[in-house]
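> Sequence plus the predicted model coming up.
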Amino acid sequence: AKDVIVDTDTGEGDAKVRVRVLSRKRVNLVLCAPESGAPVAQGLAADGEWTELTVVQAKLWSAEHPDLYTLKLSLADEDGAGDEISLRIGLRRVEFLPGKGMFVNGRETKLKGACVHQDVGCLGIAAKKEIWRERLAALKEMGCNAIRPAHHMHSEEFMDLCDEMGFYVYEECFDKWTGG
C-alpha cells in the first residue's frame, strides 16, 4: 500500500478522509465502519488525484477508544475482476499546543509509554502476533498508552496491533547517536 496516501481531518462530528492513489487506473474506494463493516463512504480515485470521502458522525480513534475504519481499494480490469487491498485506519485529530500539551480529538492526552525492542526475548524476532498481543495487553493493563519501538523497524503486524489495541506509537527507523 505504499502507493496509497491517506489524510484525515476531523471536525464537529464529521470527518473528511482524503485518499490519493498513485495509479493511472481507476480505483474504487469504500470506507467501512469500525464495528459493523457497513460502507459509510465511497468514491473513485484516478491518476494521482485526491478523492475526498465524508464520514458523518465519525467514530474517532484514541487510546481509550481505538475505533478503526477499513478502507477497501479495488482495481478493476476490463472484465470486472481485479486486485483489492484493505487498510485499517483511525480517524483522529492530534494537536500540540504550546504551554498546554498534546490534545487528541480535543482532549488533553498524557503519554505513558514504554520502549519495546523488536525481539521477544528467547523467541527472537520471529514471534507470532499472539505473543505480541499478550505483551501489549500486559502493558495496557499497567496503564501504558504509548510505545516507542526501539532501535529497529517492527513488523507490520506489531504496528497493526498497536492501532487495534489503542497505543500511540513513536516510530523511528534508526537510532542515531551522531549526525549524518
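Looks like it arrived, so ask away.
> and R107, how many neighbours?
Neighbours of R107 under the rule other C-beta atoms under 10 Å: 10. (Glycine included, C-beta is placed from N, CA and C.)
> Please name the residues that touch D14.
If a contact means C-beta atoms under 8 Å, 6 or more residues apart in numbering, then D14 has T54, V55, V56, Q57, A58 as its contacts.
> distance of the nearest residue to the second one once chain neighbours are set aside from N105?
It refers to V55. Of all residues not flanking V55 in the chain, A15 sits nearest, at 4.5 Å (C-beta to C-beta, 6 or more residues apart in numbering). Note on A15: its distance to N105, by C-beta to C-beta, to the nearest Å, is 10 Å.
> the more surrounded of these two?
Taking neighbours as other C-beta under 10 Å, A15 and N105 compare with A15 leading, 23 against 17.
> Tell me what that one is bridged to.
Judged by DSSP bridges, the bridge partners of A15 are T10, V55.
> now do the one 4 residues further on
The residues paired with V19 through beta bridges, assigned by DSSP bridges, are V6, T51.
> Count residues in the vicinity of it, would you?
V19 has 23 nearby residues by other C-beta under 10 Å.
> Help me confirm that it comes into contact with V30.
No - judged on C-beta atoms under 8 Å, V19 makes no contact with V30 at a distance of 10.8 Å.
> Since that was my last question, I'll sign off now.
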